[in-house]
Every structure is written in structure tokens, then in C-alpha cells.
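Chemist: take this sequence and fold it.
(chains A, B, C and D)
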Number of protein chains: 4
Amino acid sequence: SPTKWHLAHTSWFFEAVVLAPMVGGYRPWDARCHYLFNSYYESLGPRQPRPQRGMITRPAAAEILQYRAHVDRAVLELLAGADGQRAATLIELGLQHEQQHQELLLTDIKHALSLNPYDPVYTATIAPTAATAVPFAWCDFPGGEVQIGHAGDGFAYDNEQPRHAALLRPYQLANRLTTCGEYLAFIADGGYRRPELWLSDGWAAVNAAGWQAPLYWREEDRGAWSLYTLHGRHPLDPAQPVCHLSFYEAAAYAAWAGARLPTEFEWEAAVADQPPAGRFLDPRWLQPRAATPGPGLLQAFGDAWEWTRSSYDPYPGFRPLPGAVGEYNGKFMVGQLVLRGGSCVSPPGHLRASYRNFFPPAARWQFSGLRLARDL
Amino acid sequence: SPTKWHLAHTSWFFEAVVLAPMVGGYRPWDARCHYLFNSYYESLGPRQPRPQRGMITRPAAAEILQYRAHVDRAVLELLAGADGQRAATLIELGLQHEQQHQELLLTDIKHALSLNPYDPVYTATIAPTAATAVPFAWCDFPGGEVQIGHAGDGFAYDNEQPRHAALLRPYQLANRLTTCGEYLAFIADGGYRRPELWLSDGWAAVNAAGWQAPLYWREEDRGAWSLYTLHGRHPLDPAQPVCHLSFYEAAAYAAWAGARLPTEFEWEAAVADQPPAGRFLDPRWLQPRAATPGPGLLQAFGDAWEWTRSSYDPYPGFRPLPGAVGEYNGKFMVGQLVLRGGSCVSPPGHLRASYRNFFPPAARWQFSGLRLARDL
Amino acid sequence: SPTKWHLAHTSWFFEAVVLAPMVGGYRPWDARCHYLFNSYYESLGPRQPRPQRGMITRPAAAEILQYRAHVDRAVLELLAGADGQRAATLIELGLQHEQQHQELLLTDIKHALSLNPYDPVYTATIAPTAATAVPFAWCDFPGGEVQIGHAGDGFAYDNEQPRHAALLRPYQLANRLTTCGEYLAFIADGGYRRPELWLSDGWAAVNAAGWQAPLYWREEDRGAWSLYTLHGRHPLDPAQPVCHLSFYEAAAYAAWAGARLPTEFEWEAAVADQPPAGRFLDPRWLQPRAATPGPGLLQAFGDAWEWTRSSYDPYPGFRPLPGAVGEYNGKFMVGQLVLRGGSCVSPPGHLRASYRNFFPPAARWQFSGLRLARDL
Amino acid sequence: SPTKWHLAHTSWFFEAVVLAPMVGGYRPWDARCHYLFNSYYESLGPRQPRPQRGMITRPAAAEILQYRAHVDRAVLELLAGADGQRAATLIELGLQHEQQHQELLLTDIKHALSLNPYDPVYTATIAPTAATAVPFAWCDFPGGEVQIGHAGDGFAYDNEQPRHAALLRPYQLANRLTTCGEYLAFIADGGYRRPELWLSDGWAAVNAAGWQAPLYWREEDRGAWSLYTLHGRHPLDPAQPVCHLSFYEAAAYAAWAGARLPTEFEWEAAVADQPPAGRFLDPRWLQPRAATPGPGLLQAFGDAWEWTRSSYDPYPGFRPLPGAVGEYNGKFMVGQLVLRGGSCVSPPGHLRASYRNFFPPAARWQFSGLRLARDL
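Modeler: Residues are numbered from 1 along each chain as shown, chains lettered A, B, ... in the order given. Sure, this is the predicted structure:
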């Protein structure tokens, strides 16, 4: 989706979900935006087909900015008025939704720029790279009965609820994300040519798509690899976390390494006591960085989303919210896998231990990596 | 797949998985069968592409029967010999595998015959139908910590293991399978035209495939419905369990009914104390029948597979067996949903409480129905 | 293709076909343009896949204009230099190529804008419409041995050559293009629902694409039709020529009307004595207009391309030019149909009697209409 | 299509086109055959979708033979009765139609058997092969005004009519079909990797389908080629005519050879004086054979169909017959190329100089080869 679309869609979301239901006599900026900028809300009527989003030349970017200003004004008026308190929950959903699109926007920009043989540089500043990766180590966790899902008063999506108990066996998690250097060894060992390492659908995807490496990797003439990033194309840094992997690749790598992916419950129990801090969106550095040495579980938040071995199923007792906001999460609960922890393009403050992201198993376009797990 | 293919494939399985590894100097009946009748075992080499199975005119049916006799003889010799005891586990796997294909064979035959405007009758005998359905009722279950997975010494697939504890909330299950009459009310209420009842992928499937009813249903000119069965085409019997549903349809029906599908753990805990008895494969009657009145949970086994709300994920501690037999289950553990309980075309003796069947969510060709669940 | 792409591609054509071969030591503006803006010239190396043209955000529009200025300067220098005379033929090809893209550019803009529910107005001025269509009449032509193909010294594409004799039976052509009003009668008579009127591939296309009217037509609630044009959406004018038809629709209409489409030879012989004048590209009016009353064959040039019943085959003795310019026409000579006469978006001065345009039979995006023919 | 389908379809054709319209009160053998065995006649109602033909297990082969006997009896009665004379034209069409399916039947059988790794032998007898090919030579033809199309009283399809004059330039045709040995030189010279030799759609087909040789060719480990034939798999015979080529391959070969394909008019004018004799269907030998040395144009009839450079367009003055028989040819006159001369699986007596066969340019499954042409 084009940048303009993201800008308009997030404002449309406020208009459709907050303003239209809560402001009596609200006049939309332009009724046609309702058709153009609805992403997938069936209950809100027909919408522009997704493949044609790139074809919409009007409204122009300047008009979209006017649209955003119009919606911002109306939301501020609502907040300041008598219904402000009542509207706060929906407004917070609108803000969280916009934060998600801040990440999607950069992910889409990276993908669009990557198609250009110019290897365009989105931003030139680059943070220093680590000389070497933090040595790999296993962290032990006792398992047992753990509490899963959102607790407390802060914002959370409906898919993180209700909070409930789960039973875990004792397990281990890798102390950091898998690195590009480790993943290279998998490639060098024929990882993409050995069906026994792959799930059946994954092997089909490898063959249909001709995958031989993660997205944005390219083998140069001299046998070395380069990586396209939002900072341009650079030689592969073996200490950096590998990302832009599909679930299939993450699972195959884990099988090759004699390990497995963690379940989302193992992950959540392991990070429950950490503050949700890490390398999140920082305009100077839009690529996962090598872990900083330290004890315990590193890089739990930020750097790269971590594929889990958990299908995106509803929690016991899950109920979607009524109306359009109920379409936010529940209707996608089939055929997708859970990712945890956020990435280097997730806005700061957006993540938490109970946060569940999800994608189909073949998706590679997001900043998705992995952390190994195994039974104790 | 054609009948001939099933006949050859199940004998090939004995040849490839039992005889080749265990009988020194075993001479395959014809080496080319290895290519023709391998279904999906990557570790056993290349194979005939699935869409071309119907094009294989040689070996002829009579030759396939010779092939089966050849393999049967060799297996009996192995069993009678010094290695018989050691071979027993693999031979049992071969037998269980053949039982699964007995069900697939009838499912494929039904599908092939259904494409014929003649409405061919596979078998003419028909059991008497019930005058009315057993009244719907909820059965209560306390939940709590339950044991899931195979226990005891009998045969079980690797995907039913290891046995482990799970936590359940208190829940209810319908006392019987959902009936055709109940499903008709869903259709009449616009079930196939209301996106809010459907998962997002399900709604896409409805629109792409033009589904308006379960597979094999046809609305006749007079507004009434008929059903194609292995006994020919008959008017819809409202007391019969609905079957040939996709997961998407089962989930949409449950949403419409104000309920949900059970998880596979809820299902297994509820039937754990029942013997695995029910209407299984009986040549006289190849269609699910109305429940027989009685107390408690009816039709837990047989009649129709029950879609659950559980993705087909590995159990905690799951490890596939080494070698080709390890490709049996584990490599399909993504993108599929679990079905439980067996059907009217499952061979008697094949099912148990811990048995996990699985299919992609859009599959409708198997005898798949549903049982409602809800939180207590 | 986006506007920016057309602007860059036509300059790239001068660079690749004129400057690179003729200017010793010519330095391309940016070597990467060679990859980005090559449309289909295999002999000039690999190129950006067509579906990704819309994804190219760099070079930006301002850079493309610099590119064009750079190329223009170099071409002018070449023309002024010692090799100017020798370069003239290739430069003329570059100019004719750019004229073709002037038409494609407007055709693409119309298509892109039409996807927008805003019905954007590209240009507001609209010429007055005719009160009524010129009455339909047949013009007689004697046939016999006629001369086909380009004659004289002016520019012509290789596909118009060599000039050669052809034999025609006596025939009639309609005095003007088929009108929207006439085409409406075909629709009203069930034209899109009667397979006997259609070619087999055409009937398949109607059913696969769900065509019920020409492209850009929409039936409004009140049973009347509107048309999207570069002047916005307007009520259908029955006197206007019908356009945005596929060959299949043109042929089905002709069958319904008890007539046929002319061959390209009949068309060319009929207009051979006319000057190539008509309503060509005029920024004020970007839609075909009703014929102006008069004797003889009206609207032979301009207004709308005329589908012929001729496959786009090579003329007797045809030889493509050597090198990249030989890829211009000859390699498309299969699976396409010939259109003649130009349209309201063809640049003035671009057309001639021997000019052969060509498109696959399902294409509707260009300004393509029809003129009826029949045997005398 | 399966053999059973061909057997039933050709009898259905007599039933639908001859018996139903001409025999008052004719009772079809089984009304459902009308749905099952209609190939593409829109005017005769709905029909079994083509991809499902292979799935029709009933009626069984024995019943189809009864069906054929039933239809044969009824046709003989009609012929013997008062309307026999009037029915003769339609009955002849039915017979010619059945002859066409005799060729299609063997073509389909070859394709089905070729998918089997057993390389099944359809018939074991093999004619002796020539030691060497007849030396290549050009035959000269003067061109000028020639008569094209069917003349005389015998049977001909509507697409061969009306007979009409055409103008040809002086031209040359190869004295025999292109051989496998000649085609091997094209492959060895990189023919399948050089885009400049191919039509644009042809190059796309090569890349999409991964063609590297004609259908049924296989490069064996030792660098030599084998050919699958109805006589089993054999080493490639360089003197044999190459066949199972698409039009795209035939045209690329001709370009590589510095020649072109003949037009259908050049072909017809060249053979007009020959009797339509050649190696046609002979159960002992189902593969094209090397030409027998002799003067003039060899192999004009039989051995392999010859792709021409002519699109399958209607002849001047062409009119399809009214009703269902009018769907026989005319509705396919777009997107196909003409082949001439028949093949080693065409029934003897079926061909003539004016006979026009036609296929889409990517089709390779029929016995299709080529003869070179060039301008004099």
C-alpha cells in the first residue's frame, strides 16, 4: 500500500470508528473516502479492492493532509467535549491502530524501494555495527502453571484477552535472536535444498517461489552476500539478527539447529518480568542490531519480531468486541502464526509482553526473525 | 485419487516402510511402483505428481492386485520369521495406514460419482431414517486440569503424543451433532450472505467458490433440497447430521448459533471415559444417521468428523519419528485444523479418544460435521 | 504504466536506439535507466518486469525531466553534427515512437482515473454534442486487385511493408462508426447473453470477466447508462461512436447486426484516396464525437480505432529490420488483431491509410470501436 | 479426454445432429448422455465441463458400446428410409467428425501413456527406419493468381469455402519435412535460449513452460536424446520428421534456419495437383517416418501436420452453416494458426489439399511438424 494510503486510512479509521458513531451529525470530509480507505471492515460497507490501492491518484497527497487535519480537529473537539471521557477508549484504539500503520508504512516503503535497481537509500545515518555477536547460550525456564494474556488497566487488544492460566513444561530459550552468521551456516549446509528440514507447505513454498535466502539478501559475484536495507545495500553483517524470514524458514532453521521455535506461551512467560524496552523505531537506524552483551534473555523486545510455533487461535473465553472494532482481530484467527516482541520499526511504547502479532506462514515482508527454543 | 491408486499405494507403503528396510535383499515387485505410488514421502525419493494420478493407465487393475498379493506374501513371511517381533510396530503402522485409505477411498469414490449427472448409486441398501432428531441439549463439563494424548500400550500415531496436562475452563458441548435441519435454518437466515458471521479467509472462500450450501446439497426447482450420497440422490433428511462442511462453514454456523466450536482438548476430555464406539464403516449405510435418543454426549464417535477450533499444532514435547515414518504427521503441522471422532466411513476399531485427524480449513470433501460448544 | 514511466521510456528509446549506437563514447545519463525503462527489447538486455513499473518511486519526476533534457540535448547535437543526416531515420523512428506513447499515456491515465470512485475530471472542457447521429448507410466498393501497404517516401513502420497487391470481392462499409445508441440496442436484445453471436474465445471472455457492456459504461439505478470519460462521468450520448470494445464484442455486435467486420485490406482500399484527416488528439476533447453529416465514408480517421477481421500477420515479403528496431513490430505477429484509422487521442499527423495498429482480441482499454462491413 | 469419452461423443454427435432433428419422435438412448458427451455446442445446451471428463466412471465402457450400437442402428434405419437421401449430408458430417476423433483418440492416448514412467508400449510393431534423410532441397513455385479452397462435389467443411482467388509472390518450399536431426542442430545452437529467434508470445511460453525440446523428447544421461512414441521409448532417429512442436517452436526454427513458414495459400497452391496420398493412420506404425527419396514435394500429406504462417481467419465470403453444425468451425476463427496436410494418425481418405486444421500457437500435443519456405 502506498504511503498516501496509510496516511488516509488511519484518519479514516478515526472517522469511521470514533467520529461517525459518537459525534451527532458528523459530516465526513468526503464521503468517497469511506470507500477508498476502508481496509477490510465488512461491517462498514464496500471498499476499494486492495490491489488497486496503488492506482488511486486522487485525492492528491496535499488533500490527504487536509483530510488528516480535518479529522484531527474533530477528534480534539470530541475529546474536549462532554463525551470526551466516553470516547477515550475508541480514540486510544485509533492511536494504537495508527502506531501499527507507522510500522507497516516503513515495511511497505522498504519493499517498494527494494524493487528498484538503484538500491535507494531511505535514510543515510547508520549506527555502528558490533564487531562480534554475543555468544549463544540457553536460558532455562521452569515452566509450570503460568498466567498468559493482558493484566492491568492499560490498553490491550481483544486478542490478548482474557488472561488465563496455561501449563508449560520446563524449557530453554536462546539468550538472543538468531544471527545472520548462524543463518548463513544453514544456507551453506544446504538448508534450502533438504526437504527433511521443512514443513510440507514450507517445502512447497521454497520450490514455488525459488527461495534460496531470506528476503533482501543477494549473493554477489564474489560469493559474499549483501543485504538491502532502508540505509541502502550493505555487505551482510554476521552479528546482526537475521530477519525477513517466513515462518517456514524459521522452523526449518530451528529443525536444522536441533531445536524448535518457542510457543507464544513460553515466550510470554519468559519475558513477563521484563519491562517492554528494546530497540524500537528510531529514525536513525531502521535495521535490527546485534545484541548488546549482558546476562539473561536479550532482545526480547525490538530488533526483530520472533516467529513462534503457535497458531493464532483464540484464547479460552475470547469474545470479539461488537461492531466494526470486533473485526480488528478475531476474524483473522485461522491460518496464521503468532509473532512476538516487536521490531526496530515498531513505535516505542507500542509493545508489551502480551502483544500478539500474526501473519500467514509464507509472509517475509515484515521484520521477522527467530529465537531458538528446546525442551529442558 | 483413483481406487487403483489407493490399492497400490497402501501396498507400496508396506514395501517402502516395512519390507525394504527390514528384509535383506528384498526385491520390489517393480521398481517403478516406487515412483508411481509414493504419496508424499520426500525421504523416499521423487514421485508421480498428484494431479496426474488419474492419468496412469498402467499398471492395470489386475496387475495391481498381483502387486498386493506379492507384498502380502512378503509381509507374512517377515512376520513369521526371526524378525517378526521387531517388525510388528512397522507392520501395525502399515495396517493403520491402510485403514485410513479405506476411508479416503470411499470419500474419493463419492466425490468422483457426484460429478456424474447420472447420480450413480454406489450401494442401494439404505437404513431407515429417524422420524425426528433428538432434541438439542447442552452437556456440562467442569474443565480443570485434564490429561490429553494417548495413554496405554495400544497403537497410536506420534501426533497424539506425548500425553500431557492441559487446563480447561468449565464448558458445555451439544449432546449431538448439528443436524441438516438446523443448518438449513442458518442458510434460510442468510448465513452464506452475512460476512459478520465468517472468518476473513472463510468469507473469501465463500465468495471465490460461490458456496451456498454444504457440498453435495442441491436446491431443487421446488425450493426443497436434495443430497447426493453413496446411496444416490435423496431428499434432505432434517434429522441427519450435516456433513461435508468446511471448517469455515462450521465456524460460521457456530457464530450464527451464538456458540463456538469446541477445542480439541475440550472434546477429548469430554469423551475420555467413553469406549470408542459408534456408527463406523458399514457397507450397508454410508451416510451419517440421526442420533439415537439417550443421555449424555451422543455421536461422539462415528457418523461425522467434528471440526474443532484447534489448529493442528504439535503437542508439548512432540518429536517426529526418525526417517520416512516421521513424515507421516509432523510435517503437516501448519495451516490445518483438527477434526475428532471419526465418521460413518472410518473402519471400525480405527478410532480412539486421542485420535487427531486434520485438514485445511476449506476442505469439504471428507465426511465433516460439527458439534456446538460454549463457555459455562 | 505510470506517466513518469512513459516520459522516461521514450527518452530511453532515443538513448538506446539512436545515441548509443551512433554517438561514439556516448555516456548514458544513468546506466540504471537502461534496466528501468526498457519496455520489451530482448536484444537490449534485461529489464524491469512490467507489473512492477508502478512501484518505482525513484528516479523522481523531476529527475526524469532532467533525463529528458539530457537526451534531447544529445539528440540535437547529433542532428547538427556530421552524422546528422545518417541519424535522421532512427531519430524519426524515435519521434514516431514518442507519438505512440502520447496516445498510450492518455489511455493509461484514463484507466487509472477510472478506478477512482471520485470519477476524476482530467480536463473540463467539453465540445458540444450532436443532437442526432448521421443516418446509417452502406458505401459500395468494387474490390478487385488493390494495392496494400505503404507507398512513397514518408515514414512508415516495417509492418506496413512491402506494398503488395491483394484481391478483394465487391463489398460495402458502413458510412460511419457504430454508435452508442446502436450498441445499446444490441445489449437490450440480450447481446451479452447469447452464445451464438460470439466467437468461442469471446464467449469464454464474457463469462470469465463478467462483461455486460463496453469498458467505462455503467448502468445507473434509473436504468440509464453513464460513461466515464477524461471529462468525467456523463450520461451516455447515443450519437457518439461506441468505443472501448474488445474485438470479441465488435465481432459479436457485427454478427447480431447481420453483418461482419471489414478486413484490413477492405478498409485500406476504401480510404486510400482520402487524406489522413479526422478528429485526432485535441486537448479540449478526449472522446470520440458523433460523425458530421456528409457524403461517402465518414470518420475513417480519428475518433475511434476500428477493429478489423484481420489477424496481425506479416505481409508477403515482410522482413523485420536488423537489431533492436526489428523487435518493434514483427515479434508481435501472432495472436493479435489489426485496428485501423487512429482515434481521438492519436497525435495529429501520426496516422496514414497503411498504418496498422494491433491488440489481443480481449483488449478494451484503448479507444477501439467498429465499422460494419458486408459482402456486396 | 478418455477413450470412452471419444467413443460416446462421436455417437452423441450423430444423435444430436442427425437423429434428433431428422427422426420424428426419436428417443435418445439416455437423455443424460446429452449433457455428458456434448463437447462445445452452445446451441445444444449445457454440458459436462471438460476438465471433469476424466472423472466420469458411469456409464461404463460396456454401456457406451451399447449406446454406440443403438445409435448405429438408428442411423442405418434413417438411411434406409424415405429421408435417407436428405440425411446423407449430415450423416457424412458425422462420419467425418468421427474420423477426426480417431486421430484425437490416438493423440490423447499417447499423451496419457507418456505420463507413465513405465513408458508403456501401445503397439509393438515398428517399421524399419531409414538409414539417412533425403537431402534437403528447395522446390520453386511461381505464385501468381491461384485458386484456394474446396472445389468439386465431394465433402468439405465450411471453413474450406468459398473457393476464391489469391495472389502469391514466387516462393520456394522445402522438398520434405524438417527432420529431428536438423532440429537437434537448432537446439545445440542454443535455439531455446535466444530470444531474437522467437515471437514475443513464444519466448514467454518457452520461459513459462521451461521448454528445452519438443514434447516427448528426453535428454538421457549420456547426452543423447530419446523419444517417447506409441511404440515405446526409442533413441531419437535423426532422419525422422520432427513433430510435437508448437507453432512458436516451428517459427523459431524457421527463423534460425534463415527461412520462414509457408502461408496456407502457398502450401495449398503447391500441392493442388497432388493426390491426397501419404502415410496416414496405419496401426502398425504410429510415428512419422523419414521421407522416401523422390523428385518434387515429398510428404505433403501424412507423416506430420505442417504449421503454416497463416492465422485461422475466415475466407472471403465465408458463412457458417445455420444451427449447431455452424458451431463446427467458424466460432474458433481467432487466436489459432492453420496446419495442413494431415499426419500419421489421420485416417486414410480424410485429407485433401484444401483441408484446414487449426490449433492455438502453444499446442504441442498433436503430431505437428514443419516445412520451410522462403521468398524466391
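Chemist: ok, A:Ser354 touching A:Ile148?
Modeler: Yes: at 7.4 Å, A:Ser354 counts as touching A:Ile148 under the criterion of C-beta atoms under 8 Å. Heads up, the C-betas are built off the backbone N, CA and C, glycines and all.
Chemist: common neighbours of those two, please.
Modeler: A:163, A:268 (C-beta atoms under 8 Å, 6 or more residues apart in numbering or on different chains).
Chemist: got the phi and psi for the residue in the stretch 201-350 of chain A that chain B sits nearest to?
Modeler: Relative to chain B, the nearest point of the stretch 201-350 of chain A is A:Ser311 (3.2 Å; C-beta to the nearest C-beta). Taking degrees, to the nearest 10, you get phi -70, psi 150 for the backbone angles of A:Ser311.
Chemist: show me which residues of the stretch 1-150 of chain A are close to chain C?
Modeler: Neighbours of chain C within the stretch 1-150 of chain A, by C-beta under 8 Å from any C-beta of the partner chain: A:32, A:35-36, A:48, A:52, A:54-59, A:112-113, A:115-118, A:120.
Chemist: quick one, which of the residues you listed are buried?
Modeler: A:32, A:35-36, A:48, A:54-59, A:112-113, A:115-118, A:120 (16 or more other C-beta atoms under 10 Å in any protein chain shown).
Chemist: and for A:Ala291, the neighbour number?
Modeler: 20 (other C-beta atoms under 10 Å in any protein chain shown).
Chemist: ugh, typo on my part, it should be A:Ala224
Modeler: 10.
Chemist: how far away is it from chain D?
Modeler: Distance of A:Ala224 to chain D, given as C-beta to the nearest C-beta, to the nearest Å: 28 Å.
Chemist: could you list every helix and strand in contact with the longest helix belonging to chain A?
Modeler: Ranked by number of residues, the top helix in chain A under DSSP state H is helix A:84-114. Under the contact criterion of 3 or more C-beta pairs under 8 Å, 6 or more residues apart in numbering or on different chains; DSSP states H and E, helix A:84-114 touches helix A:3-13, helix A:20-22, helix A:61-80, strand A:225-229.
Chemist: which of those has the highest mean neighbour count?
Modeler: Among the helices and strands packed on helix A:84-114, helix A:3-13 has the highest mean neighbour count (mean count of other C-beta atoms under 10 Å in any protein chain shown), at a mean of 22.
Chemist: now, the buried ones among the residues of the stretch 1-150 of chain A next to chain C that are in helices?
Modeler: Short answer: these in helices (DSSP H) are A:35-36, A:112-113.
Chemist: among those residues, which one sits closest to D:Glu160?
Modeler: Taking C-beta to C-beta as the measure, D:Glu160 sits nearest to A:Tyr35 out of those, at 54.8 Å.
Chemist: how far away is the closest residue to the closest one other than its chain neighbours from C:Glu219?
Modeler: Excluding its sequence neighbours, the residue lying closest to A:Tyr35 (C-beta to C-beta, 6 or more residues apart in numbering or on different chains) is C:Pro117, at 5.0 Å. Distance of C:Pro117 to C:Glu219, computed by C-beta to C-beta, to the nearest Å: 16 Å.
Chemist: over to A:Ala257?
Modeler: 61 Å.
Chemist: would you mind telling me which of these two has more residues around it?
Modeler: A:Ala257 (20 against 13).
Chemist: ok now the longest helix of chain A, how far from the chain's centre?
Modeler: With C-alpha atoms, centre = their mean, to the nearest Å as the basis, helix A:84-114 stands 12 Å off its chain's centre.
Chemist: what residues sit buried inside it?
Modeler: For helix A:84-114, by 16+ other C-beta under 10 Å, it's A:87, A:90-91, A:93-114.
Chemist: near chain B at all, the helix or strand just after that helix?
Modeler: Using DSSP states H and E, the helix or strand that follows helix A:84-114 towards the C-terminus is strand A:138-141. No: if you take C-beta under 8 Å from any C-beta as the test, strand A:138-141 misses chain B, and the best it gets is 13.1 Å.
Chemist: strand A:138-141 pairs with which strands?
Modeler: Strand A:138-141 has the following strand partners under DSSP bridges: strand A:171-174 (antiparallel).
Chemist: just give me how far the strand it pairs with sits from the chain centre.
Modeler: 22 Å.
Chemist: what's the lowest-mean-pLDDT helix or strand in chain A in contact with?
Modeler: Least confident element among the helices and strands of chain A, by mean pLDDT, DSSP states H and E: helix A:33-36 (a mean of 86). Outside helix A:33-36, the residues that touch it by C-beta under 8 Å, 6+ apart are A:8, A:12, A:15-16, A:28, A:44-48, A:56, A:59, A:67, C:116-117.
Chemist: make it 6 Å
Modeler: A:12, A:47-48, C:117 (C-beta atoms under 6 Å, 6 or more residues apart in numbering or on different chains).
Chemist: equivalent analysis for stretch A:266-283, please.
Modeler: Contacts of stretch A:266-283 (C-beta under 6 Å, 6+ apart): A:141, A:146, A:148, A:171, A:173, A:289, A:297, A:300-303, A:308, A:340, A:344-348, A:351-353.
Chemist: check which residues of that stretch are buried.
Modeler: Counting neighbours by 16+ other C-beta under 10 Å, stretch A:266-283 gives A:266-271, A:276, A:278-281 as buried.
Chemist: in the stretch 101-250 of chain A, which residue sits nearest chain D?
Modeler: Counting by C-beta to the nearest C-beta, the stretch 101-250 of chain A gets nearest chain D through A:Gly210, at 12.7 Å.
Chemist: how far away is that residue from chain C?
Modeler: Relative to chain C, and taking C-beta to the nearest C-beta, A:Gly210 is found at 14 Å.
Chemist: and that residue, how far from A:Pro295?
Modeler: For A:Gly210 relative to A:Pro295 (C-beta to C-beta), the value is 42 Å.
Chemist: check A:Asn116 too.
Modeler: 43 Å.
Chemist: before we move on, what about A:Gln85?
Modeler: Taking C-beta to C-beta, one finds A:Gln85 at 44 Å from A:Pro295.
Chemist: repeat for A:Gly84
Modeler: 46 Å.
Chemist: before we move on, what about A:Pro276?
Modeler: The spacing between A:Pro276 and A:Pro295, counted by C-beta to C-beta, is 19 Å.
Chemist: now swap in A:Asp108 and tell me
Modeler: Taking C-beta to C-beta, one finds A:Asp108 at 37 Å from A:Pro295.
Chemist: how long is stretch A:17-31 end to end?
Modeler: Stretch A:17-31 has an end-to-end distance of 14 Å (C-alpha to C-alpha, to the nearest Å).
Chemist: and that stretch, what's its mean pLDDT?
Modeler: Per-residue pLDDT over stretch A:17-31 has a mean of 90.
Chemist: how many neighbours does the residue nearest to A:Ile126 when sequence neighbours are not counted have?
Modeler: Distances taken as C-beta to C-beta, 6+ apart place A:His231 nearest to A:Ile126, at 5.0 Å, with adjacent residues excluded. Number of residues near A:His231 (other C-beta under 10 Å) recorded here: 18.
Chemist: what are the phi and psi values at A:His231?
Modeler: According to degrees, to the nearest 10, A:His231 has phi -100, psi 10.
Chemist: and it, what pLDDT?
Modeler: So, for A:His231, pLDDT stands at 95.
Chemist: same question for the one 3 residues further on.
Modeler: Listed pLDDT for A:His234 reads 92.
Chemist: helix, strand or coil for it?
Modeler: Here A:His234 is recorded as strand under DSSP: H, G, I helix; E, B strand; the rest coil.
Chemist: partners of it in the sheet?
Modeler: Bridge pairing for A:His234 - DSSP bridges - gives A:Leu227.
Chemist: and it, how many neighbours does it have?
Modeler: The local packing of A:His234 (other C-beta under 10 Å) involves 15 other residues.
Chemist: what pLDDT does the residue of the stretch 1-150 of chain A found nearest chain B get?
Modeler: With C-beta to the nearest C-beta as the measure, A:Glu42 is the residue of the stretch 1-150 of chain A nearest to chain B, at 3.7 Å. The model reports A:Glu42 with a pLDDT of 84.
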